[in-house]
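**Student:** no FASTA, just this:
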């Protein structure tokens, strides 16, 4: 199926499969309130921006996963968007973007032999929380674009929180962007890594980026 969004806003009510998507300049594609939509093209995540897209296109509509965290001693509420979201030992299918977990074998206990690549800001490869014991093995994660709040793990390739215990075996993780973490461990989580490669690349913000970040009260450089 092909879809052309010439003007206005297209609200994607449910997960949709397309062969072609054209978004005109000034038009937008969004999810219903309380949801988020992630576009993957041939298994790679892209921001929903004006342009012409061709291939195996999925617009995956998911429930927002809301978490409350302490940030500098103050409560902050964040909405996480992840390829695999795990809470209390269960994969949350309604909050996980499975088309981006390329070739992966996903269960409530582990994800193996997967590849996750995204060019969308703030997208997490994995978000694991609650009383979960989870293993990620033989998996490559490559995330491009900025993360806007690394203090709560937003945009980290792998984020572990709550009382989760996570084992990461033979994984290659790379992030590219300002504030884009590879691994976040918060609250009482425990993470063990074996035979992994983690790397991150950033750049010096331009004056324009610094000004835009200041308006959002967003940290653009380390203290």
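**Tutor:** That came in fine, so what should we check first? Predicted model only: the values in this text are computed from it and were never measured. Numbering: from 1, shown residues only.
**Student:** and residue 209, that one's in a strand?
**Tutor:** No - counting by DSSP: H, G, I helix; E, B strand; the rest coil, residue 209 is not found in a strand; it is helix.
**Student:** I'd like to know how far it sits from residue 78.
**Tutor:** Here the criterion is CB to CB, to the nearest Å. By it, residue 209 lies 22 Å from residue 78. The way it works is simple: take the backbone N, C-alpha and C, and place the C-beta from them, glycine included.
**Student:** which of those two has more neighbours?
**Tutor:** Per other CB atoms under 10 Å, whichever of residue 209 and residue 78 has more neighbours is residue 78, with 18 against 15.
**Student:** what's the neighbour count on the nearest residue to that one once chain neighbours are set aside?
**Tutor:** Distances taken as CB to CB, 6 or more residues apart in numbering place residue 152 nearest to residue 78, at 5.2 Å, with adjacent residues excluded. Here the number of neighbours of residue 152 (other CB under 10 Å) works out to 22.
**Student:** just use 10 as the starting number from now, easier for me
**Tutor:** In the new numbering, first residue 10, that becomes residue 161.
**Student:** I'd say residue 161 and residue 83 touch.
**Tutor:** No - using CB atoms under 8 Å as the test, residue 161 is too far from residue 83 to be in contact (11.5 Å).
**Student:** Okay, now the unreliable bits of this structure?
**Tutor:** 231-232 (pLDDT under 70).
**Student:** Which stretches in it count as helices?
**Tutor:** Ranges of helices in the chain, per DSSP state H, are 216-224.
**Student:** and the nearest residue in space to residue 95 that is not next to it in sequence, what does it touch?
**Tutor:** In space, and not counting its chain neighbours, residue 95 is closest to residue 137: 4.4 Å by CB to CB, 6+ apart. Counting by CB atoms under 8 Å, 6 or more residues apart in numbering, residue 137 makes contact with 93-96, 143, 167-170, 173, 175, 198.
**Student:** ok, so of the residues you listed, who is nearest residue 191?
**Tutor:** residue 167 (7.3 Å; CB to CB).
**Student:** Any idea how many residues pack against that closest one?
**Tutor:** Residues near residue 167, counting by other CB under 10 Å: 30.
**Student:** Distance check, it against residue 205.
**Tutor:** Residue 167 is 10 Å from residue 205, by CB to CB.
**Student:** what is in contact with those two at once?
**Tutor:** Shared contacts of residue 167 and residue 205, counting by CB under 8 Å, 6+ apart, come down to 177, 182.
**Student:** just to revisit the earlier point, show me how to select, in ChimeraX, the buried members of the contacts of residue 137.
**Tutor:** Restricted to buried positions by 16 or more other CB atoms under 10 Å, the ChimeraX selection for the contacts of residue 137 reads:
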select :93,94,95,96,143,167,168,169,170,173,175,198
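**Student:** Output the contacts of residue 137 as CSV; include the columns distance to residue 118.
**Tutor:** Output for the contacts of residue 137, formatted as CSV (distance: CB to CB, whole Å):
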residue, distance to residue 118
93, 12
94, 15
95, 9
96, 14
143, 7
167, 16
168, 18
169, 15
170, 18
173, 12
175, 11
198, 16
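**Student:** Of the contacts of residue 137, which is the nearest to residue 229?
**Tutor:** Nearest to residue 229 out of those is residue 168 (CB to CB; 20.8 Å).
**Student:** and the nearest residue to the closest one once chain neighbours are set aside, how many neighbours?
**Tutor:** The shortest distance from residue 168 to any non-neighbouring residue, by CB to CB, 6+ apart, is to residue 162 (3.6 Å). Residues near residue 162, counting by other CB under 10 Å, number 26.
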